[in-house]
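A.B. asks: Model the structure of this input:
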Amino acid sequence: MNECAVDACAYNRDRACHALAITIGDLGHAHCDTFFSASIKGGDPSAVGHVGACKMADCEYNVSLECQAPGITVGYQQNAADCLTYQRR
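C.D. replies: Alright, predicted model coming up:
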């Protein structure tokens, strides 16, 4: 993962995701499905998250529902935590 600008996420520390793997998307929207707000910070502080699964089959980086982008950026788009690297084929 390149960067996560969603500071309110429990896995975000210093603009980096510390979930071991994140899931992107649902059937129609490229949101970060791992995002959630909490009063405590979670994840592994020594690890930087990567995409474990991507449900956006129409993304140019998606191969068999796995992300093949060298890195992604997650940020706000219309008040939702979205994969800003998503690009429709």
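
A.B. asks: use CA for all of it now, contacts and neighbours both
C.D. replies: Will do.

A.B. asks: Let me know the pLDDT of residue 11.
C.D. replies: The model reports residue 11 with a pLDDT of 96.

A.B. asks: State the number of residues packed around it.
C.D. replies: For residue 11, the count of nearby residues is 28 (other CA atoms under 10 Å).

A.B. asks: Adjust the sequence numbering to begin at 51 for everything that follows.
C.D. replies: All set: I'll call the first residue 51, so the last point we hit is now residue 61.

A.B. asks: which one is the most centrally placed residue in the chain nearest to, not counting chain neighbours?
C.D. replies: The chain has residue 82 as the residue nearest its centroid, 4.4 Å off, counting by CA atoms, centre = their mean. Leaving out its chain neighbours, the residue that sits closest to residue 82 by CA to CA, 6 or more residues apart in numbering is residue 74, at 4.7 Å.

A.B. asks: tell me the residue furthest from the middle of the protein?
C.D. replies: The chain, farthest from centre, CA atoms, centre = their mean: residue 89 at 19.7 Å.

A.B. asks: got a list of what the nearest residue to it once chain neighbours are set aside touches?
C.D. replies: Distances taken as CA to CA, 6+ apart place residue 60 nearest to residue 89, at 7.4 Å, with adjacent residues excluded. Contacts for residue 60 (CA atoms under 8 Å, 6 or more residues apart in numbering) come out as 85, 86, 87, 88, 89, 90, 91, 92.

A.B. asks: Check the contact between the third one and residue 57; I expect there is one.
C.D. replies: No - the pair residue 87 and residue 57 fails to qualify as a contact (CA atoms under 8 Å) at a distance of 9.2 Å.

A.B. asks: Near residue 96, how many residues? Count them for me, please.
C.D. replies: Neighbours of residue 96 under the rule other CA under 10 Å: 8.
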